[in-house]
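A.B. asks: what's the 3D shape of this:
(chains A and B)
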Amino acid sequence: MANKPFNRRDFLKNTGISAAAFPFLGNLEALALPGNNQKKQRMVIFFSPNGVIPDSFWPNEEGENFNFKEILSPLDPFKKQTLVLNGVCDKVRGDGDNHMRGIGCLLTGIELLPGNVQGGSHTPAGWANGLSIDQEIKQYLQKSESTRTRFGSLELGVLVPDRADTWTRMSYSAANKPVTPIDDPYQLFSKLYGKTKDKEILGSVLDPVIADLKKVSSLVGKEDRKILEEHAGFVREMEKEIRAMKGATVHAMLKLEPGIREENDNLPKISRMQLDLLHNSLMADFNRVATFQFTNSVGGARMKWLGVDEGHHQLSHEPDTNKVAVEKLVKINKWFCEEIAYFAKKLQETPEPNGSGSMLDNTLLVWTNELGKGNSHTLDNIPFVMVGGNLGWKTGRSLKFPRIAHNRLLMAMAHGFGHKVSSFGNPDYCKDGPLVLS
Amino acid sequence: MKLDTKTDICHMFDFSLRIIASFLLLPGFVFSAPDGKKIYQTKCVSCHGPNGMGVKGKYNKQLFGDLTPNQLSKIIEETMPKEDPGSLSPEDAFAVSVYIHDLFYSSIARERNRPARVELSRLTVRQYRNSLMDLVGSFRGGSNNAAEKNKGVRGDYYKSRNFNKADLVESRVDAGIDFDFKEESPIPGKMEPGEFTIRWAGAIFAPETGYYEFAIHSSHAVRLWVNDNNTPLVDAWVKSGNETEYKGSIYLVSGRSYSVRLEFTKAKQGVNDNKKPKVVQPSFVKLLWKKPGGSLEICPGEYFSTAATPELFISTTVFPPDDGSLGWERGATVSKEWDQATTEGALEAAKYVSGKLSEFSKSKDGESQRGEKVEDFLVKFAGRAFRRKLSSSETDHVKSVLKASSDIQDGALRILVWVLKSPHFLYRNEGQGGALASQLSFTLWDSMPDQQLLDAEASGKLKTPEFLGTEIERMLSDSRAREKIRGFFHEILLLNQAHELNKDSSRFPGFDSKLESDLRISLDMSIDEIFWDKKSDFKRLFNEQGFYMNDRVARFYQQKNPPKVGFEKYNLDMGQRAGVVTHPYMLSMLSYSAESSPIHRGVFVARSLLGVNLKPPPEAAAPFAASLHPSLTTRERVVLQTKGGDCMTCHGTINSLGFTLEKFDAVGRLREKDNSKVVDSTGWYVARDGKKIILENAVGLGLFLADSPDAQRAFTEHMFHHLLKQPTRAYGSETLGKLTMYFRENSLNMRKLAAEITRLACTASLSGNPQEASKQP
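C.D. replies: Alright, predicted model coming up:
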């Protein structure tokens, strides 16, 4: 769905690899791309559904001296690299209910088109009428040779339901063009390492194929042996090429535990598999941008491993007076935060390849949500928590804004990457320019 | 009158240059004096022998080399004959050098004179694709045979937002998917106009191999599945914005029918808002496609079938084209590109199969017998791929690879890639058993044998002539044989070379790509009908008066009462036409954009139908533009351009055959006048026995072709090449003559001829000596 970063011929031209090596190169996964000395910038946007419990989420304090509450407590080790933005609101209105607009306008900042998907209230709607910020930045990075990567971006998910509708799509490559997130780790693995794996398999069949050619040769007449000898020559050439390519692999493939099914109870396992693969992919510089979508808008994961048997969405409708429900929702949201902290830790422990510092220093993690609060369905105070990154923002702060449009934050992200958009999404919400976070 | 322009010629570039290039002849090549043959026989043969092989005691060596006729001529002029060098005139020397160059001296001549034999062949690209499809399909069951019958597509109409059985109002067969419901209900009184849901399901036939672009035009939510029943090719189930066109592309292999399912709903999804009052919006839904190289059109009803068909494995790997230099596709050469394609192809197929390992091995992940069942499947798969029983060492190989793999899917992948890269799969006639079953299936299906054939071979039954005959008949009634025969006709009718026919829109308004596509369907329908008719009468190819027409074709060719649905047969121009040669598509294809082309038509009749060998000219020539000769008819222009003596050696034959079709214009419509003059459609043909036959018009040509021994022989030879992909001489020098005789003695029954050619090939496989095959009773 996303644009191809660039074609094979360009790559071969750029790297000077001979055309003979080309069938196994396929999508260039085996090689690092032309290095550049510019400091890398990356961004990963995490999504979790159904709003948060504000009292257990937002720090009371403003500024540098603040304390995380229960939900954000897993981020304690990264406090100095964290920015908590309160008061950022999704002001986009129009067709669709709040859940639909909550996810559909979250990264696009623009209205949904009229359509045939009917929510619990409001008018029916279709897809968003513009591209999402991750795709905007990806396209910007892919334009320039120094920031171009194999995929540009990855759109990942964990247990995203197998249906395409407004509630299950967050990333858009263009108006009316939602991007389907990959939520199957094995599919992601083959996207990342398919060709490397192919090479390994081909290497393993060369001997039996050559043996077969010899056998057939012994069964046919002299005149017919010529074609088989010629054929065997090509197989031997392939062998040489595979051997030559082996030296070019820059990093080891991750080994995945086989046979993990896409089931509710495997959510924690799949989440870690996806995060580990994403980590590998960023390390190999296959992409600089990613989205990571836990379930979907209105998602109903049942986090039994936390002692929560009810579905997430169902719980989120409970009134604030239901203390048991509130407690469970805090647990659920804290679990999501732990996943982000796990990823932040992984990045922090990985030195930036060919550079200084850790990968976290150059990777902005954004955690956001479709709603501000589950039982009110408000689109005000959308959670935006950022960790790490190198967009010139001053981190280690808790900020409170006076109900500003989230379009301005989306603009700030683009500006942080050097992409000076004058508006993003619906321009009506962009009049005050990008949010200043430096 | 708008005239042919240079651009018109360019449109036909590929086609016209190749054919035009054949109509001019090298000066002095064959008939012009002096006579090289005569000189050679009187002055040279005593030392060099009749074929340049030399004469013992005189000149002992074979004469061959790389000199051109001009270079050779200089040497001969100065040095020959040995007794009297310099006695030959330059003209005589040139004539004799041209003669020997062509007969035995040049590398081309030597290649031609090489004794023919049945060569070891790899699968052709077509055979490779079909074999992979049938190999994978053999583990699924179901067949593609029913799809050619049961025309139309099943439509299930529901009165609600989804496919609840209780809401099914009607299940019917629709001729195609092209509906404009407006603000109404599809079934008034039984379902509301504001909310209904329809599912169309069936199969769609792919007449060509390549990428098909499907498009749905609809006001409402739609989704489409083609071949793959799980992942939609087009998913617009979320209706969003004002778009009304949704597209998706898929690669399809010709001759097969693919399952197709289109769903349409006027209802909303998500939360049910049934209670709300509705404003009825107009609605429409149409399914279109763009065939490879074609343009967007409503999917023709002729290609729909209500038959259920299983998902097929489609190999989309791009292969280099097969060697077609001898006039038929051959698998006689390998190349690096080919080898790489087999690698990509093996990976593609192996991943598809290993990804559906549970389905194919009929086992579940985690079940106790998983290992055994997967192993069993892989042994079977390899056996079918190799077209024989696996040897014990091969079975052991499968076992050991599986054992060594930590992940069973990974192990399966390794085995599958090996199988599909192995020469046992990629080559034919590798002499390891399974030869007869393979011979049969590649001859009649261009694909691997099915289990029934392999079993029959293993039991020895296939060797008995009676059983062989029964099997040939069974195979001929399979859709794969129909496709192979269709391919044969496409080859002799030059349809596989045809490109878009661009016709002068001011002279022929209405002749567009849609009409062209309909005409192709019509031609295929005629061919199918004539060949698969009980009599399978060769003569009908040249005297059939009925032509299939749908509404568009019938209107363009001015028929009364055009059909309301699909195609019907019309007697076009009462008695003035002569079978498929005068099918409007053929005549349009063998024309320029505004003018007919007697040369194209003549070359086609001479070469394809009569087997006349036309030599290539020294250079390509563009036809004289009609605009430069405003007073001439097409016939007169052709005569003017080719009147030179050198041209006439070939054009004597070409023009006189092409002129017989001059009563048909550039779109194959009947005409009495060309450029205001009465059309002269008289022509003639000098047969191999020297007899000159006068042909008054197309009908005369048809009558002549139907009875012509030359045409029968050419047809037999073409069919032999198409079915076996080996030269007839490889099966003995008498083979062609005997088969032609058989054809004649069996009322020119084309189907019987195909069976006889197959029988002959099998007999050859059995005896191990093809040269002997034609001598068997």
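
A.B. asks: for the residue nearest the centre of chain B, helix, strand, or coil?
C.D. replies: When Cα atoms, centre = their mean is applied to chain B, the residue found nearest the centroid is B:Gly487 (3.0 Å). Of the three states, B:Gly487 takes helix under DSSP: H, G, I helix; E, B strand; the rest coil.

A.B. asks: Quick check: closest non-adjacent residue to it.
C.D. replies: B:His722 (7.0 Å; Cβ to Cβ, 6 or more residues apart in numbering or on different chains). For the C-beta atoms, the positions are set from N, CA and C on the backbone; glycine is no exception.

A.B. asks: Now do the contacts for that neighbour.
C.D. replies: Neighbour list for B:His722: B:Trp328, B:Lys484, B:Gly487, B:Phe488, B:Glu491 [criterion: Cβ atoms under 8 Å, 6 or more residues apart in numbering or on different chains].

A.B. asks: Now do the contacts for the third one.
C.D. replies: In this structure, B:Gly487 makes contact with B:Arg126, B:Ser254, B:Gly255, B:Asp446, B:Asn496, B:His722, judged by Cβ under 8 Å, 6+ apart.

A.B. asks: TSV for these, including secondary structure?
C.D. replies: Output for the contacts of B:Gly487, formatted as TSV (three-state DSSP):
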residue	secondary structure
B:Arg126	helix
B:Ser254	coil
B:Gly255	coil
B:Asp446	coil
B:Asn496	coil
B:His722	helix
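
A.B. asks: Just the buried ones from the residues you listed?
C.D. replies: B:Arg126, B:Ser254, B:Gly255, B:Asp446, B:His722 (16 or more other Cβ atoms under 10 Å in any protein chain shown).

A.B. asks: picking that back up, in terms of distance to chain A, which of the contacts of B:His722 ranks first?
C.D. replies: B:Trp328 (17.9 Å; Cβ to the nearest Cβ).

A.B. asks: That closest one: neighbouring residues, count only.
C.D. replies: Residues near B:Trp328, counting by other Cβ atoms under 10 Å in any protein chain shown, number 20.

A.B. asks: for A:Tyr186, same thing?
C.D. replies: A:Tyr186 has 17 nearby residues by other Cβ under 10 Å.

A.B. asks: and B:Ser73, helix, strand or coil?
C.D. replies: helix.

A.B. asks: Provide a list of residue ranges in the chain with pLDDT below threshold.
C.D. replies: With no chain named, the answer covers chain A. Applying pLDDT under 70 to chain A flags the ranges A:1-38, A:245-253.

A.B. asks: meant chain B actually
C.D. replies: Scanning chain B for pLDDT under 70 picks out the ranges B:1-33, B:111-112, B:114-115, B:146-148, B:429-434, B:498, B:615-620, B:645-646, B:766-777.

A.B. asks: ok so, going back, what's the farthest-apart pair in the contacts of B:His722?
C.D. replies: Spatial extent of the contacts of B:His722 (Cβ to Cβ) is set by the pair B:Trp328 and B:Lys484 at 12.1 Å.

A.B. asks: who's in contact with B:Phe542?
C.D. replies: B:Ala578, B:Gly579, B:Val580, B:Val581, B:Leu701, B:Gly702, B:Leu703, B:Leu705, B:Ala706.

A.B. asks: Most proximal residue of chain A with respect to chain B?
C.D. replies: For chain A, Cβ to the nearest Cβ, closest residue to chain B: A:Gly126, 2.2 Å.

A.B. asks: Report how many residues lie close to that residue.
C.D. replies: 27.

A.B. asks: Between the buried ones among the contacts of B:Gly487, which sits nearest chain A?
C.D. replies: Nearest to chain A among the buried ones among the contacts of B:Gly487, with distances taken as Cβ to the nearest Cβ, is B:Arg126, at 18.8 Å.

A.B. asks: Flag every buried residue along the biggest helix by length in chain A.
C.D. replies: For chain A, the helix with the greatest residue count under DSSP state H is helix A:185-219. By 16+ other Cβ under 10 Å, the buried positions in helix A:185-219 come out as A:185-186, A:188-206, A:208-210, A:212-213, A:215-217.
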